[in-house]
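Peer 1: Just to be clear, the model below is a prediction. Sequence and coordinates:
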There are 2 protein chains.
Amino acid sequence: MKIVVLKFGGTSVGSTDRIKKVSKIIISYIKKKYKVIIAASAMSGVTNDLVKKSREISNDFKSDEYDVLLSSGEQMSCALIAGRLNYLGYKSRSWLGWQIPIVTEGDFSAARIKNIHKKNIINYLKSGGIPVVAGFQGVNSDYRITTIGRGGTDASAIMLAKFFKAKKCIIYTDVDGVYTTDPNTIKKAKKIKVISYEEMLEMASLGAKVMQPHSIQDARLNRVDIDVRSSFKRSKGTLITKRKNISTNKIIRGVSFTKNDAKVTLVGVKDKPGVAASIFEPLYKNSINVDMVVQNISSNGKETDLTFTINSEDLFKTEKLVKNNKKINFRKIVVDKKVSKLSIIGVGMITTPGVTYRMFNALAKKNINIIVISTSEIKISVLLNKKDLKKAVDALHKEFKLEK
Amino acid sequence: MKIVVLKFGGTSVGSTDRIKKVSKIIISYIKKKYKVIIAASAMSGVTNDLVKKSREISNDFKSDEYDVLLSSGEQMSCALIAGRLNYLGYKSRSWLGWQIPIVTEGDFSAARIKNIHKKNIINYLKSGGIPVVAGFQGVNSDYRITTIGRGGTDASAIMLAKFFKAKKCIIYTDVDGVYTTDPNTIKKAKKIKVISYEEMLEMASLGAKVMQPHSIQDARLNRVDIDVRSSFKRSKGTLITKRKNISTNKIIRGVSFTKNDAKVTLVGVKDKPGVAASIFEPLYKNSINVDMVVQNISSNGKETDLTFTINSEDLFKTEKLVKNNKKINFRKIVVDKKVSKLSIIGVGMITTPGVTYRMFNALAKKNINIIVISTSEIKISVLLNKKDLKKAVDALHKEFKLEK
C-alpha cells in the first residue's frame, strides 16, 4: 500500500471552515491513489481552554485526569473531520487512541508511544476508509487515556508513519516551510527545499518555530522523512530527511537568531576550583537554562570575569539567585537585555574549512562587535548587540549565498 | 455495599465553580459511609456548541461521528469532577463508557443500555475510589462510542442504579423537586414529597420540566427509586417511586398546565366514515402531534364540527396541510392560540368517585368555560381560555387542598 500520513495542527483545524479546507487537501491525496492516514490536533484554542479549566479546579491537577480532559479536544476535531469527509461522500471515521490501540508507556502527560497495533487500521485502509487518528493521545496497559508529553500530534504522526511504513509524513501547519532565516525580518529569506534532521534540530532549537526539537529528534531516530508545508496556501514545503538523501551542496543551510536573550556578567569573581559550578547550581535547581558561557581569566590569576546568557524572562530571578548566593564572591554584576544570539547552521561546515573566518570577517566588515562565541559541529553562534542584528543577518545571508 | 448513584446534569456542572460545589455534595455522601457512583452530564452549553459545529460541517452529520463528537463533552466534565475530588484528597477517577464498559445496542445517537459490566467499578468502589461515570455514552459491540437517545445521563444514572443495586438514585438538577403546580405561577405551590412513576409521567409529559418522560419510564420499568433534588440549594427533594411505597393519601397529586397549545376547529365537515383519519393523516406524516380531539355530531348527521389541539409552533404548518387536504370537505377553519390545557393528576382518582364533578364544579363557580375535555385513568385535562388559566389553577389547587 502507498500510505501517506497527513498531520493537521491546531490552526489548520481552528474552525469548521478550516476543517472544510483541510478535507479538500485530504481528498486530493485520495485522488492521487494514496492510502491516507490523518493525525489531527485539537482545534486551536480548545486545549488552552481545557488547561484553563483544569487550573480553576486545582493548582495541582492530577495528571491521569488531566490526560482524560485534554484528549477530549482531539476527539472533537477527529469527529468533525471524519464527519466532513463523510458529507463529501468519502468513507472515513475517527480512531481514538484506545480504539487502534496506540499503546504508550511512561507517565501520564509525558507518555511515549511504544506500539501502534496495525490490524484495525490496515483493515480499514483496505476497505477504502480514511482513518482520522486522534493525535497526542494513547492508552496505557491499564486502558487509561494518556497524552504524549513531547511533540504532541507531530510525534503521533511520525510514529504512525514509522509503524505503517508510510511513503511520506506531511506536517501541515500555518507556515509553508523552513526558511534560510526569518522571512519576517529578512525579505530575501528563501524557503529551504531540503534540510537534514541535524540542521533542522539546530534551526528549531535556535528559534525557527516550525516544529518542536523533540519531534524532529523522533523523526531522526525513526528515520521518517518529514515534509513541512502550509494548509493555508498551496506551495511546496520543506523536506526534512537524513543527510545521505541530500545532494544539494550548501555549506550553510540557514541563519537563525533569538530576540529574547539576556547577558549576565559577574565582574571580579574570586577564582577558585568549582566556582562556575557554584554559580550555576542555584540556576539549574530553579530550571533556568544557561545558554552561552564565557570566562576570561584575569592576568593575576586570582580574579575572573564570567559572562553567560539566559532567556530574558529569567533575568529577574537570576539576578536575585546570584546576589543571594553565599558560595561565591564577586565585585559587581552587569546585566544586558539588548543582546541577540545569531547562528549559522550547516552540515557542510564539517568538511569545509574557513567557515568561522568567513563569518567573523563578514561581521567585522560591517563593524559588528561579537560579545560571545559558541560552536558545535554544525553551527556557529555569536552574541551581538541587538541593534546590530538585522545588519548581521543580512551580511551572513549574503556571504553564504542563501538567497540563491 | 451501601451504594448510591448521584447524577449531576448540565447546569449543576455548568462552570468550574459549580463543579467545586458539586464535589462537596459528593463528599457529604462519602462521609455518610456510602459507596458513591457519579453519573455526569456535559457542562451546560458544551453539547449545544458541539451540535452547532456539527451543523456547520454538514447538514446531515453521520450519527457514528456525531456520537464521538458529543461524547467528548461528558469526558471533559468527568475529568474535571474527578480532578476536583483528587484535589480535595479523595480517590477518584473518570470512567468512560468503553472503560467500564457500558454496552449499548441499537442505532448511533439512539442507543439503549443493554449491559453494564460490574467488575471494574465494583473493584474500584472496594478500593475506596469514587467512580465518575460519563453519562449519555456507551460503546457498542464494535467498540465504537454510542450515545443514548432517550433520557441521556438520567438514563445512565437509572441503569447504573439498577445494575449496581443502589440504595438510592439521586438526580441533582436545577430545581429542588416536583411541585403540586408551577411555583412560578402559583405562589402556594408545594413541593411533593413522594410521587408515583405514573403520576410523574403525567406531570412530566404535561409540562413539569424536571425529568424527561423517557427517563421516568426507564425508572419505572427497572423499579429504580428516583430522588430529584437541587444541587444549588440544600433541601429535601421529591421521591419518585412505585405506588405501593406511597402511603400518603392524596386524591390529586398535582395540577399541571401548558402554555403553548393552539386549538383548531373545522366547522361544517362533511361527515362520512374515515373523515377523522383523513384529517389527521397528513399531520401524522409531518410529525405534528395532535393532543386533544373532540367531535360534535351535527343534528342532521351529515355535518360535524371537529376541534383538536396541537403545539402552537405547528399551527402555521397545520393550517396549510388542512387547507390543502383534498380528501376532506369543510365550511371553514377557526384557529385559536389563546388556549391552555390544564390537568389534575393523581392515582387516587382511580378509587375515588366524584373527582371529575369536583373539578368541573370548582371551575364553574369561577365562571371558567371548558372548551375540550380529555381524561385518562389518573388524569383529567381540560382546555381553557388562556386568560382563565391562573384563576383555574388557583381554584383547583385549593379545591384539592394541595397547599396543605
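Peer 2: Good, I have the coordinates. Since the model is a prediction, treat every value here as computed from it, not as a measurement.
Peer 1: tell me which element the residue of the stretch 251-400 of chain A found nearest chain B falls in.
Peer 2: Using Cβ to the nearest Cβ, the single residue of the stretch 251-400 of chain A nearest to chain B is A:S287, 23.8 Å away. Glycine gets a C-beta too; all of them are placed from N, C-alpha and C. A:S287 belongs to no helix or strand when assigned by DSSP states H and E.
Peer 1: Run a quick neighbour tally on A:R18.
Peer 2: Other residues near A:R18 number 19, with proximity taken as other Cβ atoms under 10 Å in any protein chain shown.
Peer 1: tell me which element it falls in.
Peer 2: Secondary structure (DSSP H and E) places A:R18 in helix A:16-31.
Peer 1: In that helix, which residues are buried?
Peer 2: Judged by neighbour count using 16 or more other Cβ atoms under 10 Å in any protein chain shown, the buried positions of helix A:16-31 are A:T16, A:R18, A:I19, A:K20, A:V22, A:S23, A:I25, A:I26, A:I27, A:Y29, A:I30.
Peer 1: list the contacts for A:F308?
Peer 2: Contacts here follow Cβ atoms under 8 Å, 6 or more residues apart in numbering or on different chains; on that basis A:F308 touches A:K263, A:V264, A:F280, A:V290, A:D291, A:M292, A:V293, A:V294.
Peer 1: hang on, it in a helix?
Peer 2: No - secondary structure of A:F308 (DSSP: H, G, I helix; E, B strand; the rest coil): strand, not part of a helix.
Peer 1: Look up which residues are beta-bridged to it.
Peer 2: Going by DSSP bridges, A:F308 is paired in beta bridges with A:V264, A:V293.
Peer 1: try A:V103
Peer 2: Applying DSSP bridges to A:V103 yields these beta-bridge partners: A:N115, A:V139.
Peer 1: tell me the pLDDT at it?
Peer 2: The predicted structure scores A:V103 at 98 on the pLDDT scale.
Peer 1: With chain B as the reference, measure out to it.
Peer 2: Summarising the geometry, the distance separating A:V103 from chain B, computed by Cβ to the nearest Cβ, to the nearest Å, is 15 Å.
Peer 1: Give me the mean pLDDT for stretch A:314-331.
Peer 2: pLDDT averaged over stretch A:314-331 gives 93.
Peer 1: just for chain A, where's the confidence low?
Peer 2: Within chain A, the stretches falling below the threshold (pLDDT under 70) are A:207-208, A:298-299.
Peer 1: biggest helix in it by residues?
Peer 2: Among all segments of chain A classified by DSSP state H, the helix with the greatest residue count is helix A:63-87.
Peer 1: Check the offset of that one from the chain's centre.
Peer 2: Centre-to-centre, helix A:63-87 and its host chain are 23 Å apart (Cα atoms, centre = their mean, to the nearest Å).
Peer 1: likewise stretch A:235-248?
Peer 2: Going by Cα atoms, centre = their mean, the spacing between the C-alpha centre of stretch A:235-248 and its chain's C-alpha centre is 17 Å.
Peer 1: List the buried residues of the host helix or strand of A:K391.
Peer 2: Element membership of A:K391, judged by DSSP H and E, is helix A:389-399. Across helix A:389-399, burial judged by 16+ other Cβ under 10 Å covers A:L389, A:A392, A:V393, A:D394, A:A395, A:L396, A:H397, A:E399.
Peer 1: go on, stretch A:152-161?
Peer 2: Using 16+ other Cβ under 10 Å as the burial criterion, the residues of stretch A:152-161 that qualify are A:G152, A:T153, A:D154, A:A155, A:S156, A:A157, A:I158, A:M159, A:L160, A:A161.
Peer 1: related to what we said a few turns ago, list the buried residues for the longest helix of chain A?
Peer 2: For helix A:63-87, using 16+ other Cβ under 10 Å, the buried residues are A:63-87.
Peer 1: Show me which residues of chain A sit near chain B.
Peer 2: A:16-17, A:19-20, A:50, A:53-54, A:56-58, A:60-62, A:64-66, A:68-69, A:71-73, A:75-76, A:78-80, A:82-84, A:86-87, A:93-94, A:96, A:98-99, A:143-145 (Cβ under 8 Å from any Cβ of the partner chain).
Peer 1: please redo it, this time with the cut-off set to 6 Å
Peer 2: Proximity of chain A to chain B is assessed by Cβ under 6 Å from any Cβ of the partner chain, with A:16, A:53, A:56-58, A:61-62, A:65, A:68-69, A:72, A:75-76, A:79-80, A:82-84, A:86-87, A:94, A:99, A:143 identified as the residues in range.
Peer 1: ok and the longest helix of chain A relative to helix A:16-31, angle-wise?
Peer 2: On the basis of axes from the mean of the first three to the mean of the last three Cα atoms, to 10 degrees, helix A:63-87 is oriented at 70 degrees to helix A:16-31.
Peer 1: what packs against helix A:63-87?
Peer 2: Identification of packing neighbours for helix A:63-87 by 3 or more Cβ pairs under 6 Å, 6 or more residues apart in numbering or on different chains; DSSP states H and E yields helix A:16-31, strand A:35-40, helix A:46-57, strand A:92-95, strand A:130-134, strand A:145-147, helix B:46-57, helix B:63-87.
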